[in-house]
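Peer 1: give the three-dimensional model of this entry:
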Amino acid sequence: MIKNKKIFDGATILLVTILFFLIIAILGITFWKEKTIESDFKFFSQKRSSKELNQIIKGDRIIISFTGPVQIENFNENILIKPQLEYESSWITNHQLQLTIKEQLIPEVDYELKLKSFKGKWGFLNEGTEIFFSTDSLPKLESISPFEGQIEVGIRTEITFEFEESIASQYYLKIKTDPIFEFENIETTEKNKIIIKPINDLLFDTEYKITVDIKSRNYLDFSQEIAKTIFKTKRPSVVVYSWNSKGIPTKTEERLELQESQKMVGKYIDIDLSKQNLYIFENGKELGAYKVSTGIRGMNTPTGEFKVLAQATRPWSATYGLYMPWFLQFTKEGHGIHELPEWPGGYKEGANHLGIPVSHGCVRLGVGPAKNVYDFVGIGTPIIIHY
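Peer 2: Numbering: from 1, shown residues only. Alright, predicted model coming up:
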């Protein structure tokens, strides 16, 4: 009986020893797990789709997941967000904490979310971690036209802002002009472009400043300048009376406005009797402005739309005993556009009368401009004469 008791006592000791080491192992594993709990951050929209770390807005959710259970009491004390951000926290399980952003966020701001040291379920302390995120990035301007410092800009120019990518729906642009002018948006298929066009002509020889502020539909107090350009409009080309043998104008007249083109396709001559000016146009663009002398009262130059019927470089007028260089006939009655009449001895008639109606119905041009107009046209070129 004593021998059997010793055997029992030996088995008991062995069992106790095994249990002891098993408990030690379990405690060791538990301690190890408690001391090595890891955390992970994921961002989701209200619709539960994952979010990029640079696109966080109000209503988005941050899910903090742990590899083991943690003590959830007063856990918010372990969370630090810089800059300060209003959020609402709720535990999904003791392995997952959800933070819901409750305020509108300022665009293009960087945030730091720091999880300070925290305790596992059994009270063991774990090191925290941190992550950085940001709100929506503002559109980046790639180019602007007219560019900064550009001069000789047309008074009807379109102003184009081109961004690196399309502007997100949560933003809109506020365009300011100085001096102020009204403009309209031009439709374009390129979503990264904004094009505006002045409703009326800009002022000549004027410096314009255009600034673009971006506004947020989500954060109403937000406004930031993202584009600026300063350009200067061109001066209108002068009206030329005549020029010398070197092509240098001998007399000119400043203008304050452009002549509106009445034809947008092809070449034509425009004669304004009230201003005593002749303009040449091609495809709606003015290519020259010249001072003329038209018909005196009682022998008025006819008005209306005509066309070049004939051309002659130096015809002789038997009626007046004068040459009519660079003659362009535009009526059957013989009205024409030509250089100042020339006497057989070479003297030019009416050089000092350009800008004054003194002719017998023709349109007189100075020396130089007459040949330029002659070379510009051809038979059939339209001529519009008006007041």
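
Peer 1: next one: phi and psi at the closest residue to Arg297 other than its chain neighbours?
Peer 2: Closest residue in space to Arg297, ignoring its immediate chain neighbours: Pro357 at 7.1 Å, by C-beta to C-beta, 6 or more residues apart in numbering. Glycine gets a C-beta too; all of them are placed from N, C-alpha and C. Dihedral angles of Pro357 (phi, psi; degrees, to the nearest 10) stand at phi -70, psi 110.

Peer 1: so Pro357 makes contact with Gln276?
Peer 2: Yes - shown here, Pro357 and Gln276 form a contact pair, counting by C-beta atoms under 8 Å, at 7.0 Å.

Peer 1: residues touching the residue nearest to Arg297, list them.
Peer 2: Pro357 sits next to 273, 276, 293-297, 300-301 when contact means C-beta atoms under 8 Å, 6 or more residues apart in numbering.

Peer 1: check the gap between it and Phe204 for me.
Peer 2: 27 Å (C-beta to C-beta, to the nearest Å).

Peer 1: in the chain, which spans are helices?
Peer 2: Counting by DSSP state H, the segments of the chain that form helices are 2-35, 369-376.

Peer 1: lowest average confidence across those, which one?
Peer 2: Among these, helix 2-35 carries the lowest mean pLDDT, a mean of 67.

Peer 1: so how far is Ser50 from Tyr279?
Peer 2: Using C-beta to C-beta, Tyr279 is found at 64 Å from Ser50.

Peer 1: and those two? Which one has more around it.
Peer 2: Tyr279 (23 against 8; other C-beta atoms under 10 Å).

Peer 1: now do the contacts for the more buried one.
Peer 2: 259, 269-272, 286, 288-290.

Peer 1: mind putting these in a markdown table, neighbour count and pLDDT included?
Peer 2: Output for the contacts of Tyr279, formatted as a markdown table (neighbours: other C-beta atoms under 10 Å; pLDDT from 0 to 100):
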| residue | neighbour count | pLDDT |
| --- | --- | --- |
| Gln259 | 17 | 87 |
| Ile269 | 24 | 98 |
| Asp270 | 21 | 98 |
| Ile271 | 23 | 98 |
| Asp272 | 17 | 98 |
| Glu286 | 16 | 92 |
| Gly288 | 17 | 95 |
| Ala289 | 23 | 97 |
| Tyr290 | 23 | 98 |
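
Peer 1: ok, and the closest non-adjacent residue to the residue nearest to the spatial centre of the chain?
Peer 2: For the chain, the residue whose C-alpha lies nearest the mean C-alpha position (C-alpha atoms, centre = their mean) is Phe161; its distance is 1.0 Å. Distance criterion C-beta to C-beta, 6+ apart; nearest residue to Phe161, sequence neighbours excluded, is Ile194 at 4.4 Å.

Peer 1: thought the one you found was touching Phe183?
Peer 2: No - in this structure, Ile194 is not within contact of Phe183 by C-beta under 8 Å, at 11.0 Å.

Peer 1: more neighbours, the two?
Peer 2: Ile194 (22 against 18).

Peer 1: how close does that one get to Gly346?
Peer 2: Taken as C-beta to C-beta, the span from Ile194 to Gly346 is 61 Å.

Peer 1: tell me the spacing between Thr129 and Phe376.
Peer 2: 78 Å.

Peer 1: go on, Ile280?
Peer 2: From Ile280 to Phe376 the distance is 5 Å (C-beta to C-beta).

Peer 1: can you check Gly298 too?
Peer 2: Using C-beta to C-beta, we find Gly298 at a distance of 31 Å from Phe376.

Peer 1: which residue packs closest to Gly368, ignoring adjacent ones?
Peer 2: Nearest residue to Gly368, sequence neighbours excluded (C-beta to C-beta, 6+ apart): Trp243, at 3.9 Å.

Peer 1: what's near enough to touch the one you found?
Peer 2: 249-250, 366-369.

Peer 1: turn the residues you listed into CSV, including distance to Tyr219.
Peer 2: As requested, these are exported to CSV (distance: C-beta to C-beta, whole Å):
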residue, distance to Tyr219
Pro249, 59
Thr250, 64
Gly366, 64
Val367, 68
Gly368, 64
Pro369, 61
